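[1] have a look at this prediction, sequence included:
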Amino acid sequence: MRKTLLAYIIISAALCACGGKNKANDTAGASAAEPCGPVFNADSAYSYCAAQCDFGPRVMNSEAHERCGEWIAGRFEAYGMTVTRQKAVLRGYDGTQLKSTNIIASHKPERKERVMICAHWDTRPWADNDPDSANHRKPVLGANDGASGVAVMLEVARLLSSADSLSVGVDFVCFDAEDWGVPSWSDVRDDGNSFALGAQYWAANPHVKGYKPRFGVLLDMVGGQGARFYREAFSMQYAPGVVEKVWDAAELLGFGSYFPVENGGMISDDHVPVNQIAGIPTIDIVPYYPECEASSFGPTWHTVHDDMSHIDRNTLQAVGQTVIQVLFSEGE
């Protein structure tokens, strides 16, 4: 950890000074030869994470969900983004009609060359992986599983609002209805499609007809203590060049310990329909805890303990600065 923080301090001046052009080749997986873009503020991202949690669990069809959605959209609008609220009524595994809103915030929407950054913003209605079975039907606050990814995107959007050297347009896509999947205590058989409902809908109905960014990066649970982001299998299948691009950027910045060049599991997440339905090469930055008995997603996953006390600014920094590097190393 000390080495990572020292590397961050050393590169900060270079990050501020860099003009954002890729000095390496523009092939898939190439990263800039030096740090690029503004310095990501982990304290700011942490505050965005806490602000979402202050609404309470953002469970589908709840008042907290609706209020937080408007707050997220309002933050993006405050940073000069063009915001689209894609509303749909989706059907949950149990037949519940879910009032879903995918929030799409576009930076420089007039630019043809684009990159997509995405995360889900709803939270799990049931803490069905909690070690205490008495909590299995309680909602999850979702500080990490939901809020952290959106928090990183909001901080990146804030930085883009005052940056003029970025060569590409950026679309921040906040997927809804990701976490209404079949709970472990249900008798309903999971057909494999009960999660990622908002992403499935968006992939079939993109906010812009014919939308084809260069690539996409999904941020899922990117603020947890002790998180390490292994190379996820669907990402390697559909977008290996993007995986290489992102992992190279992390290594360049001194965050290689957070992004080991090792393979993790195959995760059914929002990036799967984006790849399979929309045909957009998209990777998943998602943690893998190979030695955690509670879950390979970490000890707080789908528990009542997924709160701000388990969010680590260092993890937010590693992911956020890596995203900045990837964006600003994209050439024309």
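    Perfect, thanks for sending it. Note that the coordinates shown come from a computational prediction; the quantities given were computed from them, not determined experimentally.
[2] quick one: list the elements packing against whichever strand or helix holds G74.
    Assessed by DSSP states H and E, G74 sits inside helix 63-78. On a contact count with 3 or more CB pairs under 8 Å, 6 or more residues apart in numbering; DSSP states H and E, helix 63-78 meets helix 42-54, strand 82-91, strand 97-107, helix 149-160. Backbone N, C-alpha and C define where each C-beta goes, glycine included.
[3] with just CA atoms, put it into CSV.
    Only the C-alpha atoms of helix 63-78 are listed here, as CSV (Å, rounded to 0.1, in the frame of the first residue of the first chain):
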residue,chain,number,x,y,z
GLU,A,63,-38.7,6.5,-2.8
ALA,A,64,-35.0,6.3,-2.0
HIS,A,65,-34.4,4.9,-5.4
GLU,A,66,-36.3,7.6,-7.2
ARG,A,67,-34.7,10.4,-5.1
CYS,A,68,-31.2,9.1,-5.6
GLY,A,69,-31.7,8.7,-9.3
GLU,A,70,-32.6,12.3,-9.7
TRP,A,71,-29.6,13.3,-7.6
ILE,A,72,-27.3,11.3,-9.8
ALA,A,73,-28.7,12.8,-12.9
GLY,A,74,-28.5,16.3,-11.4
ARG,A,75,-24.8,15.9,-10.5
PHE,A,76,-24.0,14.9,-14.1
GLU,A,77,-26.0,17.9,-15.4
ALA,A,78,-24.2,20.2,-13.0
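[4] what's it in contact with?
    By CB atoms under 8 Å, 6 or more residues apart in numbering, the residues outside helix 63-78 that reach it are 48, 51-52, 55-59, 83, 85, 99, 101, 103, 105, 121-122, 150, 154, 157, 172, 174, 176.
[5] the inter-axis angle of that helix versus helix 42-54?
    In terms of direction (axes from the mean of the first three to the mean of the last three CA atoms, to 10 degrees), helix 63-78 departs from helix 42-54 by 150 degrees.
[6] what comes up buried for helix 63-78?
    Judged by neighbour count using 16 or more other CB atoms under 10 Å, the buried positions of helix 63-78 are A64, H65, C68, G69, I72, A73, R75, F76.
[7] could you identify the most distant pair in those?
    Greatest spatial distance in the buried residues of helix 63-78: A64 and F76, 18.9 Å, computed using CB to CB.
[8] which of the helices and strands packed on helix 63-78 sits closest to D187?
    strand 82-91 (18.0 Å).
[9] and the angle for that closest one with helix 63-78?
    160 degrees.
[10] change the start of the numbering to 697 and stick with it
    Yes, from this point I'll number from 697; that puts the last item at strand 778-787.
[11] so what does strand 778-787 touch, helix or strand wise?
    Against strand 778-787 (3+ CB pairs under 8 Å, 6+ apart) you get helix 759-774, strand 793-803, helix 893-900.
[12] what's the shortest one in contact with?
    Counting by CB under 8 Å, 6+ apart, helix 893-900 makes contact with 782, 784, 786-788, 794, 796, 798, 814, 816, 818, 869, 871-874, 876, 889, 966-970, 972-974, all of which sit outside it.
[13] for PyMOL, what selects the buried ones among those?
    Burial among those is assessed by 16+ other CB under 10 Å; the matching PyMOL selection reads:
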select buried, resi 782+784+786+788+794+796+798+814+816+818+869+871+872+873+874+876+966+967+968+969+970+973+974
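[14] helices along the stretch 797-946 of the chain, start to end?
    845-856, 893-900, 929-934, 936-949 (DSSP state H, counting those that start in this stretch).
[15] could you save those as TSV and add columns showing mean neighbour count, mean pLDDT and distance to G922?
    Converted to TSV, the helices of the stretch 797-946 of the chain look like this (neighbours: other CB atoms under 10 Å; pLDDT from 0 to 100; distance: least, CB to CB, whole Å):
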stretch	mean neighbour count	mean pLDDT	distance to G922
helix 845-856	26	98	17
helix 893-900	23	98	27
helix 929-934	18	98	21
helix 936-949	22	98	16
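[16] okay, those helices in JSON lines with distance to D828 next?
    Formatted as JSON lines, the helices of the stretch 797-946 of the chain follow (distance: least, CB to CB, whole Å):
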{"stretch": "helix 845-856", "distance to D828": "26"}
{"stretch": "helix 893-900", "distance to D828": "28"}
{"stretch": "helix 929-934", "distance to D828": "32"}
{"stretch": "helix 936-949", "distance to D828": "36"}
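[17] looking at those helices, which is closest to S829?
    With CB to CB, the closest approach to S829 among these belongs to helix 893-900: 26.4 Å.
[18] can I get the CA coordinates of that closest one in CSV?
    Extracted as CSV, the C-alpha positions of helix 893-900 are listed here (Å, rounded to 0.1, in the frame of the first residue of the first chain):
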residue,chain,number,x,y,z
LEU,A,893,-32.2,-6.2,-16.4
GLY,A,894,-31.5,-2.5,-17.1
ALA,A,895,-28.4,-3.4,-19.1
GLN,A,896,-30.3,-6.0,-21.1
TYR,A,897,-32.9,-3.3,-21.9
TRP,A,898,-30.3,-0.7,-22.9
ALA,A,899,-28.3,-3.1,-25.0
ALA,A,900,-31.4,-3.8,-27.1
